[in-house]
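**Q** predicted model and sequence below, questions to follow.
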Amino acid sequence: MSEAETKTKIEINELLKEPSLFKIIYVNDNETSMEFVVESLVEIFDYAPTTAESLTIKVHEEGAATVAVLPYEMAEQKGIEVTVSARSQGYPLQVKLEPEA
């Protein structure tokens, strides 16, 4: 007598979707120092100081500016890091996340 063999067929769905991207937006206010904004862009987003300064001026002059575009989980984490750092130094800096169009 022989035993019946069972074979399992596995189908792999290779239609992987890229994660959605989100814009990280700094919103200008009258209390957060420009030095803090530059520092946060250098330390948290790894910008060169000159690029961070340009972005800071854009936030200041336009009222808000996109500082990075990342997958949602990364954008959320960076936003939290900036907010925690701002609050620990007494700044009310607002960081918004918006889906990239």
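**A** It's in.
**Q** what about the strands in the protein?
**A** Remark: strands assigned in the chain by DSSP state E are 21-27, 64-71, 94-99.
**Q** can I get these in CSV including mean pLDDT and mean neighbour count?
**A** Glycine gets a C-beta too; all of them are placed from N, C-alpha and C. CSV is the format used below for the strands of the chain (pLDDT from 0 to 100; neighbours: other CB atoms under 10 Å):
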stretch, mean pLDDT, mean neighbour count
strand 21-27, 98, 19
strand 64-71, 97, 17
strand 94-99, 97, 14
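**Q** any chance of a markdown table for the ones you listed, columns distance to K7?
**A** Output for those, formatted as a markdown table (distance: least, CB to CB, whole Å):
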| stretch | distance to K7 |
| --- | --- |
| strand 21-27 | 42 |
| strand 64-71 | 38 |
| strand 94-99 | 44 |
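**Q** out of the ones you listed, nearest to F36?
**A** strand 21-27 (10.7 Å; CB to CB).
**Q** so how far is that closest one off the chain centroid?
**A** Chain-centre distance of strand 21-27: 6 Å, with CA atoms, centre = their mean, to the nearest Å.
**Q** that older thread, closest one to I12 among the strands of the chain?
**A** strand 64-71 (23.1 Å).
**Q** residue nearest the centroid of the protein?
**A** Against the mean C-alpha coordinate of the chain, by CA atoms, centre = their mean, the closest residue is A75 at 2.2 Å.
**Q** biggest helix in the protein by residues?
**A** The longest helix of the chain (DSSP state H) is helix 72-88.
**Q** other SSEs contacting it?
**A** On a contact count with 3 or more CB pairs under 8 Å, 6 or more residues apart in numbering; DSSP states H and E, helix 72-88 meets strand 21-27, helix 34-45, strand 64-71, strand 94-99.
**Q** packing partners for the third one?
**A** Using 3+ CB pairs under 8 Å, 6+ apart as the contact criterion, the elements in contact with strand 64-71 are strand 21-27, helix 34-45, helix 49-62, helix 72-88.
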